[in-house]
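**Student:** Please work out how this folds:
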Amino acid sequence: MDLTFEKNKDELGLLLAKLKRVEEKIALGGGQKRIDKMHAQGKMTARERVSYLLDEGSEQIEIGTLAGYEMYEAHGGCPAGGVVVVIGYVSGIQCIVVANDATVKAGAWFPITGKKNLRAQEISMENRLPIIYLVDSAGVYLPMQDEIFPDKEHFGRIFRNNAVMSSMGISQIAAVMGSCVAGGAYLPIMSDEALIVKGTGSIFLAGPYLVKAAIGEDVDQETLGGASTHSEISGVTDYQLENDQECLDKIKDIMDKLSITDPDQYIRKESVAPAIDPSEILGYMPDKRTVPYDTSQLLECIVDKDSLVYYKEDYGRTIHCAYGRIDGWPVGIVMNNREIIKTSKREMQIGGVIYSDSADKATRFILNCNQKKVPLVFFHDVTGFMVGTRSEHGGIIKDGAKMVNAVANSTVPKFSVVMGNSYGAGNYAMCGKAYDPRLIVAWPTAKLAVMGGTQAAKVLAQIQVSSAKKKGEVYSEEDKDKLVNTIKEKYDTQTTPYYAAARLWVDAVIDPRETRAVLSEALKMSSKAPIAKFNPGVIQT
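**Tutor:** Prediction:
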């Protein structure tokens, strides 16, 4: 028995158990009492609606489960950002479903809610996926309106995207299954087709109380903007349904009639099982982020057996570059290598650090993948670029800039898996969130930051001690150690995958054993738009 392997499995197993507990709590949304209240109104919860709508037994990826995690405690919390987002299948068609969670502040929009909705639309636009909105929201969360309403990436961007997506020919279906008020009322009506549920669905720019205050008119909610009003008088909605179930069934019928081609423009071959069972992946990942290891072992648990072809295998060895297949899909893999490497010059290279030769190799490989139209998958466990006199004199900044440039200008689909560290400019070079990966996920072992907690704490402590010294204050060694530990504790909290996922720096925190399945679905999703036809962030129709 390999004791290290078993220890790694046990440690990562504990991290996964914690993740499961957190996700189970988040799945309750605003709590059981509010769930019971929705059921008493004859309504399904957001998660029940999504589960009913998606094809039974089909693959799915939930985006942003941890969005808002521990971010809004003073306001009562915002589990999953108050909205459920899932990439899945409806009537056999891959699409993205966005469902407001009315158990969380009546589905009100917090800042993170807007960010999560925009991410869902971004995924839809990049991959030409149909999008389904299940609307049940009280609108903007007023105590934080200044952080959700007026800016470019705030609430209004949602409706701008509705219009752009329509011009791109992306199908949008909206079902009003609860409140849909104020500016939010534009979302379903800017979609291609709008459904509304009798008795519970309502759409209006201003509710009865505001109408009374504004113009003195007395009107009840149903007369003002209920299902009958908008289906029989205003013509705002296209279908009125008796209940949630009937509404979701109608969406399935509509999706079944869509005329969508799935070009599969990559040459996908028959899937071959990995050389090592994916369930064994936990044993290859060290429980400590400072322990060297060969990341290529992890690849054997993810890629199709005998599919790997290493590029410049003996050059720039702190990065692995390889062609391969994942579930039959062709990929180009850029992966940090955490081994301590002896070069032919008998020099030592630190694993997980990007040197000039590694950056040069990765740059050339990324360009090759773009030339061949092969999608790229980045696996992060990087502490950054090499520092020091020798590296600076050798042009590490220049070589690093070339790699970052290649990633930024890549037109093939990019995906990122943050396995371990993702620090500093290493995060950028390995296609962090700022570089438009179509999907970015993290393992429970991930850490995202400018630098590691220990290094950051020492730097910040040195600055504080130096500043105090200029004022005539003196720190004892004990005081210095206490200061370092205090800073490190705070910094370490901000580097966790939970902190990153709460802010949507990553789309999801996943079980490492699910990496192959998640990437396979992501690659299928991207096959509908395999080459970027627009600059990142600028939609051109």
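
**Student:** From now on I want contacts and neighbour counts done on CA atoms only, so please keep to that.
**Tutor:** Fine.

**Student:** OK, contacts around I333?
**Tutor:** I333 sits next to H320, C321, A322, Y323, G324, L376, V377, F378, F379 when contact means C-alpha atoms under 8 Å, 6 or more residues apart in numbering.

**Student:** what is the mean pLDDT for stretch 289-304?
**Tutor:** Per-residue pLDDT over stretch 289-304 has a mean of 92.

**Student:** Ramachandran angles for Y315?
**Tutor:** Main-chain dihedrals, Y315, degrees, to the nearest 10: phi -120, psi 140.

**Student:** separation between it and A67?
**Tutor:** From Y315 across to A67, the span is 40 Å (C-alpha to C-alpha, to the nearest Å).

**Student:** Likewise for I215?
**Tutor:** 39 Å.

**Student:** neighbour-wise, which of those two wins?
**Tutor:** For I215 versus A67, neighbours defined as other C-alpha atoms under 10 Å are more numerous around A67 (31 against 8).

**Student:** and that one, what element?
**Tutor:** Taking DSSP states H and E as the definition, A67 sits outside all helices and strands.

**Student:** Run through the residues that contact the residue lying closest to it once chain neighbours are set aside.
**Tutor:** In space, and not counting its chain neighbours, A67 is closest to A502: 3.9 Å by C-alpha to C-alpha, 6 or more residues apart in numbering. Neighbouring residues of A502 by C-alpha under 8 Å, 6+ apart: G64, L66, A67, G68, Y69, E70, M71.

**Student:** If we use 7 Å, what do you get?
**Tutor:** L66, A67, G68, Y69 (C-alpha atoms under 7 Å, 6 or more residues apart in numbering).

**Student:** Can you classify the last one by secondary structure?
**Tutor:** When classified by DSSP: H, G, I helix; E, B strand; the rest coil, Y69 comes out as coil.

**Student:** List the neighbours of stretch 322-332 that are in contact with it.
**Tutor:** By C-alpha under 7 Å, 6+ apart, stretch 322-332 touches 268-272, 302-304, 307-311, 333-334, 369, 374-377, 516, 520.

**Student:** next one: phi and psi at P530?
**Tutor:** Backbone geometry at P530, expressed as degrees, to the nearest 10, gives phi -70, psi -20.

**Student:** Wait, V83 touches V97, no?
**Tutor:** No. Assessed by C-alpha atoms under 7 Å, V83 is found out of contact with V97, at 10.2 Å.

**Student:** So between those two, which is more surrounded?
**Tutor:** More crowded of V83 and V97, by other C-alpha under 10 Å: V83, with 33 against 26.

**Student:** count of neighbours near E280?
**Tutor:** By other C-alpha under 10 Å, neighbour count at E280 equals 16.

**Student:** how about the nearest residue to it, chain neighbours excluded?
**Tutor:** The nearest residue in space to E280 (C-alpha to C-alpha, 6+ apart) is C301, at 7.2 Å.

**Student:** Please apply the same query to P111.
**Tutor:** I148 (4.9 Å).

**Student:** thinking again about what came up before, what separates the residue nearest to A67 from R128, distance-wise?
**Tutor:** For A502, the distance to R128 - C-alpha to C-alpha - is 26 Å.

**Student:** same deal with A456?
**Tutor:** Distance from A456 to R128, by C-alpha to C-alpha: 41 Å.

**Student:** Packing partners of the helix ranked longest in the chain?
**Tutor:** Across the chain, the longest stretch assigned as helix under DSSP state H is helix 3-26. Judged by 3 or more C-alpha pairs under 7 Å, 6 or more residues apart in numbering; DSSP states H and E, the packing partners of helix 3-26 are helix 281-284.

**Student:** And A456 and R128? Which one has more around it.
**Tutor:** Neighbour count, other C-alpha under 10 Å: between A456 and R128, R128 has more, with 22 against 18.

**Student:** ok so, going back, out of the contacts of I333, grab the one that's most surrounded.
**Tutor:** Going by other C-alpha under 10 Å, C321 tops those with 28 neighbours.

**Student:** Who does the nearest residue to that residue once chain neighbours are set aside form a beta bridge with?
**Tutor:** Among residues not flanking C321 along the chain, V334 sits closest, at 4.8 Å (C-alpha to C-alpha, 6+ apart). Under DSSP bridges, the beta-bridge partners of V334 are C321, F378.

**Student:** Tell me which residues touch V334, please.
**Tutor:** Counting by C-alpha under 7 Å, 6+ apart, V334 touches I319, H320, C321, A322, A362, V377, F378, F379.

**Student:** And those, which is closest to K288?
**Tutor:** F379 (17.4 Å; C-alpha to C-alpha).

**Student:** show me where the stretch 351-500 of the chain has helices.
**Tutor:** 356-372, 389-393, 396-408, 424-429, 453-470, 477-494, 497-502 (DSSP state H, counting those that start in this stretch).
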